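After the sequence you'll find the predicted model.
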Amino acid sequence: MLIGRRIRDMRIEKGLSQQELGDIIGVTKVSICGYENGTRTPSLETFALLADTFGTTTDFLLGREIPVICEDTKEYIGSISSADIELIQELRHYPALYDKLINDAKRFINLINKKLR
């Protein structure tokens, strides 16, 4: 279940145990385990506390994508992970490569993929 996976991933990213997260939001470790494996569903109040604790939105925890960029008449839907941000930051250390990827992403990603095979 996507909700459980996102709760688990964000808990781990924050360096929290199930017990610690439970203590923060006022539920048991067993409840956190149930949310993560999909056998329990948090109440609306608990769900809001989870989002606040992780510094995210309930939409993100639900797997609902939100617009992140709107240009002219185009709207790009999605969310961005910390791994995505790290990749972009690392690529920016190589301006020529970054520019090529930005200008023709599909072509250069295909070239990289062929090299990795």
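In hand now; what should we look at?

Please name the residues that touch Leu61.
Ile3, Arg6, Ile7, Met10, Phe47, Leu50, Ala51, Phe54 (C-beta atoms under 8 Å, 6 or more residues apart in numbering). In short, each C-beta sits where N, CA and C put it, glycine included.

quick one: the first one from Glu36, how far?
As for Ile3, its distance to Glu36 is 9 Å (criterion: C-beta to C-beta, to the nearest Å).

Name the residue in the two with the higher neighbour count.
Ranked by neighbour count (other C-beta atoms under 10 Å), Ile3 and Glu36 place Glu36 first, with 21 against 18.

Quick check: that one vs Leu44, distance?
As for Glu36, its distance to Leu44 is 18 Å (criterion: C-beta to C-beta).

for stretch 91-103, which positions count as buried?
Neighbour counts using 16 or more other C-beta atoms under 10 Å place Leu101 of stretch 91-103 among the buried residues.

Other residues contacting it?
Stretch 91-103 is contacted from outside by Phe108, Ile109, using C-beta under 8 Å, 6+ apart.

any idea how far it is from the chain center?
Distance of stretch 91-103 from its chain centroid, counting by C-alpha atoms, centre = their mean, to the nearest Å, is 24 Å.

how about that stretch as PDB, C-alpha atoms only?
Provided in PDB are the C-alpha atoms of stretch 91-103 (Å, rounded to 0.1, in the frame of the first residue of the first chain):
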ATOM      1  CA  LEU A  91      24.400  17.300 -12.000                       C
ATOM      2  CA  ARG A  92      24.700  21.100 -11.500                       C
ATOM      3  CA  HIS A  93      28.400  20.600 -10.700                       C
ATOM      4  CA  TYR A  94      28.800  19.700 -14.400                       C
ATOM      5  CA  PRO A  95      27.300  22.600 -16.300                       C
ATOM      6  CA  ALA A  96      27.900  21.300 -19.800                       C
ATOM      7  CA  LEU A  97      26.400  17.900 -19.000                       C
ATOM      8  CA  TYR A  98      23.500  19.600 -17.100                       C
ATOM      9  CA  ASP A  99      22.800  21.800 -20.100                       C
ATOM     10  CA  LYS A 100      22.800  18.900 -22.500                       C
ATOM     11  CA  LEU A 101      20.500  16.900 -20.300                       C
ATOM     12  CA  ILE A 102      18.100  19.800 -19.900                       C
ATOM     13  CA  ASN A 103      18.000  20.600 -23.700                       C
END
